[in-house]
Structure formats: structure tokens, C-alpha cells
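Q: Have a look at this prediction, sequence included:
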Amino acid sequence: MEQVELPPWKNTSHNMGRSIYRLCGYMAMFPPNVPNHFIKKYSKKGDVVFDPFSGRGTTAIEACFEGRIGIGNDKNPLAYVLTKAQTSVPSYKRIIKRIQDLEKDFLSWNDTKKAEPWEIEMIFHPHTLSHLRFLKTSLNWKSSSVDNFIMAMLLGILHGRSEGYLSLPMPNTFSYSPNYIKGFVEKHNLIRPNRDAFELLRRKLQRCYDKPINKGKAYIGDARKTSKIKDSSVDLIITSPPYTRLITYAKFNWIRLWALGYDAKLLEKKLFTTSSQLKYYDFMKEVLRNCQRVLKKEAKLVLVIGDVQQKDKSKIVNLAEEVWMNCAQPLGFVKVEETIADPISDDRKVTKMWGKTRGNATKIDRILVMKQKSIQ
């Protein structure tokens, strides 16, 4: 790995000391101290900070904690739920009362559903699964901020390795494939744990509850067409766009998407992934054109893009520089500062979990800071 000077955010707390980040693990998120650094540097209190690829909502959350208006957008409903939950946090009392009411309602609930897909029944104890079916039916997460927060907590405890999770042992940031789980269960004679979803939700609430200074917004939609964001209304954009086909967010979140009522395979077809660099550049040009539309004059755009390795391992591609030369510069953006190299530790790189077959990710993120060229 090349020798680089450590960027200033390396001296601050990874999660900024915020309990809210315990809500739900998420793949490939950049740490909160990165957007926090640029929010403080390039915006002021009351400004609008936008992330068109919000993921778990890190940029929007940090903006809200720093007195800005954080807005997150993502095409993945899982990302939408997490961003909305953490930027529109209801009161603790309302959440705990709703959990208590749900628990009482469960006692008189008539579960008429005979079975779930074998992939789901393999993971959860029948009693635990009845809790999950009830909560799937009862939580109105699309219209209620309280229910959305509870759903986000439920997604956070859905699977993991300790007694604080509802499933067979597995990572809490992504889902193993069904066939892998099946083989692992048979090999190790695993028994599905009988866990109480309502009790674990209360424990999760104690661990993760935190409320930002400002309330933010979350939208679900294509980053190329964020129609709910008005022209020239955004003071700062900080985002990490997808890196070609490095991570398939629906596939690796199929259990959580089941809990939300989505089919991961169908959703995967709707999310942008490509192995073609030319198609990727076309996609990024459309994203950047939309960024130009919503940004105010002289407002900054911060892109976090990791280096990627070619399939044959013959070359490491500085994808951030490629995006700059092929997409941003032709559209009239100018660099505000030189591209920043951010070395990533092994415990942060999501592809570490695959060991020698971890794919094409590398240990360097590049950060582009740009603005639109002034028109004379």
C-alpha cells in the first residue's frame, strides 16, 4: 500500500461517540468522522446537507447532529428506513409505549399464516418467527416515525452472533446466502435460538437511543432524479457512490428486506450495478448533473470513492480520478483541494469478511472535493 499522509479526521472518534450508530449494522458505510469533518469545514449551522446515496444515513445524521438539515436519499428501502429512523428520532417514551402496546396486541393476535420460505424458517425459532410475522404485519413504518424507528431497531437485531440477536449466529452487517447457512447449520448441528423480539427491542432501545439537534429528511428514489430536492437548494453534498459491482446491497441484505416485505432478487434488478466502466461513467455523469441542479452557487460536492482492482488483479484503478477525468471535469466541476487519500484499516473494509476471495476492493478510499465552475 502506498505511503500517504493521514487525513485530519483520523484523530477523531470513529463514530463520534454517538449511540445512534448502534441502531443497525450496515455494509460498506464510511465512518461518521469523515462527513463530520467536511460538514464543519464547508457548511454552517442551518445549511442543507444532502447525500444522494445515503446508505444507513451517516452524512444526514452527522449534519443533523451539527445543527444542519440533513437529507438522505437512496433507492434501497433498507437504506431509506435506516436514514429516516436516525434523522427523525421520536421521543423515547413514545417508542417504549408503542413496543408495550405491540406486545399486548401480540397476545391476542391470530397468526393465520402457515409457513414462511424455507430460507427464513431455517434461521428463526418458530416462536421468534411468530413475533417477526406479527411485527411485519403491525408496524406501519412507511407513515409512522415511531413504527419506522422500531422497524429499524428490529432490522438491527434480526441477525447477529450474540444473545442480543434473533437468528442463528451470523454477521450483523450482512446476510449469508441461504445455501451457505444450510450447509453451516448441518455441519455444526446448530439449533435456532428461542428469543423474545419485544424484550430484545427494549434492550436495543436502551443501547442505541440518541437524538440529533435538528430533524432531517429521508427520500427513497434514484440518485439521478431526486425530484423532491429543489433546484439550487443544497449547501453541501457528501456522498459515496457505488463502486461498480463491488457490493450487491440487496443480495447481502435479503433477510432484512424480507422483514420489510421485499424480494431481494427483484430489488437487485432495480439497483444500479455494472461491471462496465463506460456504463459506470454514464451513470455518474447523470448523478453529477443532478448534483449540479440541486447545489447552490459555489456550494461544494464531496465524493468518497475507493480504489478498485481489475478482475485479473493486474492493476489497481484509482476510480476517483477516473470519475474526475471522465465525468466531473467534462461537466464543469473544479477541484477545491487535491484528491485526499484515506487509508482504510482491515476492520473497516467490508470485503475483509471473504478472506482471499474478497473481490476487488482495496485499502484506499479517495476523496474528491469539488464545486461548479463559476460562470463569468
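A: Happy to help now that I have it.
Q: Helices of this protein, start to end?
A: Secondary structure of the chain by DSSP state H: the helices cover 33-42, 58-65, 77-87, 92-107, 118-121, 126-138, 145-157, 178-188, 197-208, 254-260, 264-270, 277-294, 319-323.
Q: Can you say which of these is packed in most?
A: helix 58-65 (a mean of 29; mean count of other CB atoms under 10 Å). Every residue, glycine included, has its C-beta placed from N, CA and C.
Q: which residues sit against that helix?
A: With CB atoms under 8 Å, 6 or more residues apart in numbering as the test, helix 58-65 has contacts from 16, 18, 20-21, 29-32, 35-36, 39, 43, 49-51, 54, 69-72, 83, 86-87, 212-218, 238-239.
Q: just the buried members of the residues you listed?
A: When the contacts of helix 58-65 are checked for burial by 16 or more other CB atoms under 10 Å, the buried set is 16, 18, 20-21, 29-32, 35-36, 39, 43, 49-51, 54, 69-72, 83, 86-87, 212, 216-218, 238-239.
Q: Tell me which of those fall in strands.
A: Per DSSP state E, strands hold the following members of the buried ones among the contacts of helix 58-65: 49-51, 69-72, 217-218, 238-239.
Q: can I get these in a markdown table with distance to residue 202 and pLDDT?
A: Supplementary listing: those in a markdown table, determined by distance: CB to CB, whole Å; pLDDT from 0 to 100:
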| residue | distance to residue 202 | pLDDT |
| --- | --- | --- |
| 49 | 32 | 98 |
| 50 | 34 | 98 |
| 51 | 31 | 98 |
| 69 | 31 | 98 |
| 70 | 27 | 98 |
| 71 | 31 | 98 |
| 72 | 27 | 98 |
| 217 | 28 | 98 |
| 218 | 25 | 98 |
| 238 | 34 | 98 |
| 239 | 34 | 97 |
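Q: which one of those residues is nearest residue 5?
A: When these are compared for distance to residue 5 (CB to CB), residue 238 wins out at 21.0 Å.
Q: follow-up on the earlier one: got TSV for the helices of the chain, with distance to residue 12 too?
A: TSV is the format used below for the helices of the chain (distance: least, CB to CB, whole Å):
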stretch	distance to residue 12
helix 33-42	5
helix 58-65	11
helix 77-87	19
helix 92-107	27
helix 118-121	40
helix 126-138	37
helix 145-157	24
helix 178-188	37
helix 197-208	21
helix 254-260	30
helix 264-270	35
helix 277-294	26
helix 319-323	22
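Q: could the ones you listed be laid out in CSV, adding mean pLDDT?
A: Output for these, formatted as CSV (pLDDT from 0 to 100):
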stretch, mean pLDDT
helix 33-42, 97
helix 58-65, 98
helix 77-87, 97
helix 92-107, 98
helix 118-121, 96
helix 126-138, 96
helix 145-157, 98
helix 178-188, 94
helix 197-208, 98
helix 254-260, 96
helix 264-270, 88
helix 277-294, 95
helix 319-323, 93
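Q: closest to residue 224 out of those?
A: Proximity of those to residue 224 was assessed by CB to CB; the nearest stretch is helix 277-294, lying at 4.1 Å.
Q: Can I get that closest one as PDB, trimmed to CA atoms?
A: The C-alpha atoms that make up helix 277-294 are tabulated as PDB, following Å, rounded to 0.1, in the frame of the first residue of the first chain:
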ATOM      1  CA  GLN A 277     -16.600   1.200 -16.600                       C
ATOM      2  CA  LEU A 278     -18.200   3.100 -19.600                       C
ATOM      3  CA  LYS A 279     -21.700   2.400 -18.200                       C
ATOM      4  CA  TYR A 280     -20.500   3.400 -14.800                       C
ATOM      5  CA  TYR A 281     -19.200   6.700 -16.200                       C
ATOM      6  CA  ASP A 282     -22.500   7.400 -17.900                       C
ATOM      7  CA  PHE A 283     -24.300   6.700 -14.600                       C
ATOM      8  CA  MET A 284     -22.000   9.000 -12.700                       C
ATOM      9  CA  LYS A 285     -22.500  11.800 -15.200                       C
ATOM     10  CA  GLU A 286     -26.200  11.700 -14.700                       C
ATOM     11  CA  VAL A 287     -25.700  11.700 -10.900                       C
ATOM     12  CA  LEU A 288     -23.400  14.700 -11.100                       C
ATOM     13  CA  ARG A 289     -25.700  16.600 -13.400                       C
ATOM     14  CA  ASN A 290     -28.400  16.200 -10.800                       C
ATOM     15  CA  CYS A 291     -26.000  17.400  -8.200                       C
ATOM     16  CA  GLN A 292     -25.300  20.500 -10.300                       C
ATOM     17  CA  ARG A 293     -29.000  21.100 -10.400                       C
ATOM     18  CA  VAL A 294     -29.600  21.000  -6.600                       C
END
